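1. I'd like to go over a predicted model; first the sequence, then the structure.
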2 protein chains.
Amino acid sequence: MGFNLIQIVSLLLLDCLCSCWSKTPTNGSAPNIIIMLMDDMGWGDLGVFGQPSKETPNLDRMAAEGMVFPNFYASNPLCSPSRASLLTGRLPVRNGFYTTNAHARNAYTPQEIVGGISDDEILLPQMLKKMGYINKIVGKWHLGHRPHHLPLDHGFDEWFGAPNCHFGPYNSSFRPNIPVYNNSQMVGRYYEEFKINVKTGESNLTQIYLEESLEFLRAQASIRRPFFLYWAVDATHAPVYASKRFLGRSQRGRYGDAVIELDYSVGVILKELRRLGVAKDTFVFFTSDNGAAVMSGPKQSGSNGPFLCGKETTFEGGMREPAIAWWPGHITAGTVSYQLGNIMDLFTTSLALAGLTMPDDRIIDGLDLTPVLLNDSLIDRPIFYYRGNEMMAVRVGQYKAHYWTWSNSWEEFNKGINFCPGQDVAGVTTHTQKEHTMQPLIFHLGRDPGEKYPIRQVFRPHPDAATRAVLVPKLLHCSTRRETFGGDACGSANVMSGEYQAILQKISLVVEQHKSGLVPGVPQLNMCDLAVMNWAPAGCEKMGKCLKAPKSQPWKCEWPH
Amino acid sequence: MGFNLIQIVSLLLLDCLCSCWSKTPTNGSAPNIIIMLMDDMGWGDLGVFGQPSKETPNLDRMAAEGMVFPNFYASNPLCSPSRASLLTGRLPVRNGFYTTNAHARNAYTPQEIVGGISDDEILLPQMLKKMGYINKIVGKWHLGHRPHHLPLDHGFDEWFGAPNCHFGPYNSSFRPNIPVYNNSQMVGRYYEEFKINVKTGESNLTQIYLEESLEFLRAQASIRRPFFLYWAVDATHAPVYASKRFLGRSQRGRYGDAVIELDYSVGVILKELRRLGVAKDTFVFFTSDNGAAVMSGPKQSGSNGPFLCGKETTFEGGMREPAIAWWPGHITAGTVSYQLGNIMDLFTTSLALAGLTMPDDRIIDGLDLTPVLLNDSLIDRPIFYYRGNEMMAVRVGQYKAHYWTWSNSWEEFNKGINFCPGQDVAGVTTHTQKEHTMQPLIFHLGRDPGEKYPIRQVFRPHPDAATRAVLVPKLLHCSTRRETFGGDACGSANVMSGEYQAILQKISLVVEQHKSGLVPGVPQLNMCDLAVMNWAPAGCEKMGKCLKAPKSQPWKCEWPH
């Protein structure tokens, strides 16, 4: 954290040297900021991250011109909490985007949620406003859909998009379709004015979101004010969709079509920045809100590359994200950074780039990545993996310790809901909430990115022989082939013991420090009520699209996993 | 195959126009050929193929300057048969590199194997000799170690390396250490003159193999004769090793150290080609002999990226390989080809590049890839996945049908030998040899590279409900969340049925055609005998390193998987 302060101070000094509170983008101070946030896109969905079809030439080029982060994380394996972290710089357990209805449950903002982003939280656009930024969100908000939760009440100047997921179509008598807003007014609803054909997968929403962004960029470039664009497109969230001219283009099916259209759109945006002459004054960051939703099957979900499980879980597949930073003339082209990054860092880094000091009345979990981006520094920091208010796992360096493991319940699994399809690691992808706090399962993510081989715990033989075979895989040739390795290669399992103890000691300190300083925020995702759904959003009168809300009957939301 | 003929004829015409049988490398005719064959390296081990540590800058650059093949295959999930295919252009079941001792078994050339490459096979260097090429193999041969099996008897002019895997160290009274040859003479043995420290992983073998190659390149460049270099390094085969200065450099452990050293060596070789002024006259192809040996654990094996299982299996992880073609001025830089390629194509393509006609007295399975390399064409062709003499699976376009599935036996699995650690797909990664010939399991590898979601078979409800839940994963939100998709998204499993029938029909034709024309070669890997081991290789007298062979007592080799 010392580094942060030095960095902030030096940026402030630099800023003042370049004439204090300058509002024109100049070299190194107050660049425009674009955050491109994908929805349920997996680490393995980009060519540059190893997608076998390699259908993302624009993102691959963006990576070649910028910095790639193969160790970048979401703050949560689910959409709303992760998005709340991006904009607040804080873990969901601090900013309130979690539930206490049951132990270690994922929660988000469906239509019946009562809560949303608290007015007590300080959001990135609120901070950027102080430096004269114009802030726009295009796409999915997902921090609550009741009037006081919406983006224009939380620092954004403009919004085109929707407050919730594009689930539907709904019969408006039991459940309204999700509204689409232009700023403070509803301009239609999904499946009504804004079509999504769930049968063919056709929808021109990505094109609309692209156009909205281009218009904003052009307008800001012409008045030369710094801007923040939060491009939160959702074509890769089930039901996935693409425009007509992109449908059928992918080797990967409909999900791939959506990726190709998003990749195309990224290319158009970067090209537009160059055409407008602001590329060197614009910091662009591309990432995703959580891992690919592999439970949705191959036609509706992406790939988490070599990682275990997906969305909803605290295995790597649930939270490791594709991430690319781009800022021509500032970030060295073609760099790969090993820095452990987190979506919360986008809050902190953006403030640093804008020359702002951090809020000092609360704990900020995000790290200022500017030394990484500009000098290829490496900063030591842990990654915490939460489900609800339970810290399930922590990563320190290359090591990850699981204190709790859970995929989902047997009950849900037996219904066919599988968060880890084709990936069963005995004792790891458990269907009961399994506590390991006394003896965490530890993995080395460098040599074992798939979390398949827990490092052996010493002096405590595992009671279950079948599990042990998986815990300590023997080398193939040791016992069964006539050609055998030397004794050391065969006996190497024994060498691991020291490693386990040394790492556990190191990680325990990090966990203790984290837990001792943790004061959870008020949980916002506990209560549900059909009355709060999008029955009559502002602007519905003009369109004649107001629906009658049922009587309020709040209940404790059920969060099954 | 018609394309092949046209290509061959046109190359021959071109060749004659440029003065028939020219031996100097000229634009498009008779380039030098370098095949860099890795040992047990996985598809996911290179940065350009998505390895999260991104530690292969030289290979990534080679890819950026050349053509990447994300759909390139080994001919077999095991070393010896795959290598025999590379040099003969034929499936192992045709060139004899298989066993009939038991059904669908992998076999290779351990020290006690009696057989090896048959004199009836025509090898690539024998063909290239006709065009004046000088041929050298550096590294592992693995096509048999008895005198008449060795490289200099099969078309190579030079050899530095070993006939078998670097297993050991052995007590020379029961089993000799593997000899290292310089051409026809043994110059030492592994663990004796050529050290490998299995405890620390230190060995300078990769450096020796690099130096041997550089000397060869320099010598050929100076006399301006076309050359073929087969660079068959084996540092990534367990027990993995690296030179002292590379040990500890990787984030991935010792296996990663070996990869870094190989990557460095590739960089040195390509740089040397440029320095010698022959880069534009040299076709270089990089690939691996089979998938990563994931059964060896995280310290001794690599990554198969998003693919299922590894070495020894006919799932994608066993046979999908990293592959890069490089030929500056001829292959367009930065191209990704979707062509289904196979290691056998290196035989056929090399002949086409050298202006040679194919042998016409036998079936050649390799495809001439020159239209792909030079014009980015796409040629329709199937990929066959064999285990022994059983066709386990076939890929046609994006679809793969499994006619037999097997990982390994329960007996071996219970001993701790796991070919699919952390990857259990019910009904797919079976521990009994499971026949599906009447109703093959079909996967779409574009949207499901991990072979996790078999496409639903129609009108035949699966008897096992638990398996069915995995076969037809439900969409998460359909039944359990209040926010639900439209009926189509939830019911999409039903849409798949037509797909299954249509694809099965297409694939069945390909399989029938393949099987009707198949005449298996004489199996070479059936018999074992301790007497044939490397007791007294040529040259041992001069070194005083001849050992006494035991009496011949041949037996049918056991191939457990």
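-> Thanks, I have the structure now.
2. OK, contacts around residue A:180?
-> By C-beta atoms under 8 Å, 6 or more residues apart in numbering or on different chains, the residues touching residue A:180 are A:160, A:161, A:162, A:186, A:187, A:188, A:189, A:190, A:193, A:194. Any C-beta I mention is one placed from the backbone N, CA and C, and that applies to glycine too.
3. make it 10 Å
-> Contact partners of residue A:180, counting by C-beta atoms under 10 Å, 6 or more residues apart in numbering or on different chains, are A:160-163, A:166, A:186-190, A:192-194, A:205, A:208, A:537.
4. repeat for residue A:209
-> Counting by C-beta under 10 Å, 6+ apart, residue A:209 has contacts A:138, A:139, A:140, A:160, A:161, A:231, A:232, A:233, A:234, A:235, A:262, A:265.
5. in the strand or helix carrying it, what counts as buried?
-> Remark: residue A:209 resides in helix A:205-223, with elements defined by DSSP states H and E. Across helix A:205-223, burial judged by 16 or more other C-beta atoms under 10 Å in any protein chain shown covers A:205-210, A:212-214, A:216-217, A:220-221.
6. centre of the chain to it, how far?
-> Averaging C-alpha positions (C-alpha atoms, centre = their mean, to the nearest Å) puts helix A:205-223 23 Å from its chain's average.
7. near chain B, which residues of the stretch 251-400 of chain A?
-> Taking C-beta under 10 Å from any C-beta of the partner chain as the criterion, the stretch 251-400 of chain A approaches chain B at residues A:251-256, A:293-308, A:311-312, A:316, A:320, A:334, A:336-338, A:397-398.
8. hmm, back to that, give me the buried subset of the contacts of residue A:180.
-> Buried among those (16+ other C-beta under 10 Å): A:160-163, A:166, A:186-190, A:192, A:194, A:205, A:208, A:537.
9. quick check, nearest of these to chain B?
-> The closest of those to chain B turns out to be residue A:166 (C-beta to the nearest C-beta; 9.7 Å).
10. so who does residue A:384 touch?
-> By C-beta under 10 Å, 6+ apart, the contact set of residue A:384 is A:73, A:75-76, A:91, A:93, A:314, A:319, A:342, A:365, A:391-395, A:510-511, A:514, A:518.
11. could I get the contacts of residue A:209 as JSON lines with secondary structure?
-> Listed next are these as JSON lines, based on DSSP: H, G, I helix; E, B strand; the rest coil:
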{"residue": "A:138", "secondary structure": "strand"}
{"residue": "A:139", "secondary structure": "strand"}
{"residue": "A:140", "secondary structure": "strand"}
{"residue": "A:160", "secondary structure": "strand"}
{"residue": "A:161", "secondary structure": "strand"}
{"residue": "A:231", "secondary structure": "strand"}
{"residue": "A:232", "secondary structure": "strand"}
{"residue": "A:233", "secondary structure": "coil"}
{"residue": "A:234", "secondary structure": "coil"}
{"residue": "A:235", "secondary structure": "coil"}
{"residue": "A:262", "secondary structure": "helix"}
{"residue": "A:265", "secondary structure": "helix"}
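12. most neighbours among those residues, please name it.
-> Comparing the contacts of residue A:209 on neighbour count, residue A:235 comes out first with 31 neighbours (neighbours: other C-beta atoms under 10 Å in any protein chain shown).
13. wait, it touches residue A:262, no?
-> Yes: counting by C-beta atoms under 10 Å, residue A:235 does reach residue A:262; the two are 5.9 Å apart.
14. overlap in contacts, these two.
-> A:38, A:39, A:41, A:206, A:209, A:242, A:246.
15. my read: the last one touches residue A:255, true?
-> I take that to be residue A:246. No: counting by C-beta under 10 Å, residue A:246 stays clear of residue A:255, with 11.7 Å between them.
16. show me the contacts for the closest residue to residue A:294 other than its chain neighbours.
-> Closest residue to residue A:294 apart from its sequence neighbours, by C-beta to C-beta, 6 or more residues apart in numbering or on different chains: residue A:310 at 3.6 Å. By C-beta under 10 Å, 6+ apart, residue A:310 lies in contact with A:40, A:42-43, A:77, A:290-296, A:301-304, A:316-319, A:407, A:418-421, A:423.
17. which residue does chain A bring closest to chain B?
-> Proximity of chain A to chain B (C-beta to the nearest C-beta) peaks at residue A:50, 1.5 Å away.
18. number of residues surrounding that residue?
-> Neighbours of residue A:50 (other C-beta under 10 Å): 28.
19. check the one 4 residues further on too.
-> Residue A:54 has 20 neighbouring residues, counting by other C-beta under 10 Å.
20. on that earlier part again, quick check: neighbours shared by residue A:246 and residue A:255?
-> By C-beta under 10 Å, 6+ apart, the residues touching both residue A:246 and residue A:255 are A:201, A:235.
21. thinking residue A:261 is in contact with residue A:206, fair?
-> Yes: using C-beta under 10 Å, residue A:261 is in contact with residue A:206, at 4.9 Å.
22. the nearest residue to residue A:523 once chain neighbours are set aside: what's it in contact with?
-> Leaving aside its chain neighbours, residue A:523 sits nearest to residue A:100 (4.9 Å; criterion: C-beta to C-beta, 6+ apart). Applying C-beta under 10 Å, 6+ apart, we find residue A:100 in contact with A:107, A:388, A:389, A:520, A:522, A:523, A:525, A:526, A:556.
23. buried subset of the residues you listed?
-> A:107, A:388, A:389, A:523, A:525, A:526.
24. residues in contact with the fifth one?
-> By that I understand residue A:525. For residue A:525, the contacting residues are A:80-81, A:84, A:92, A:96-101, A:105-110, A:113-116, A:144, A:388, A:557, A:559, by C-beta under 10 Å, 6+ apart.
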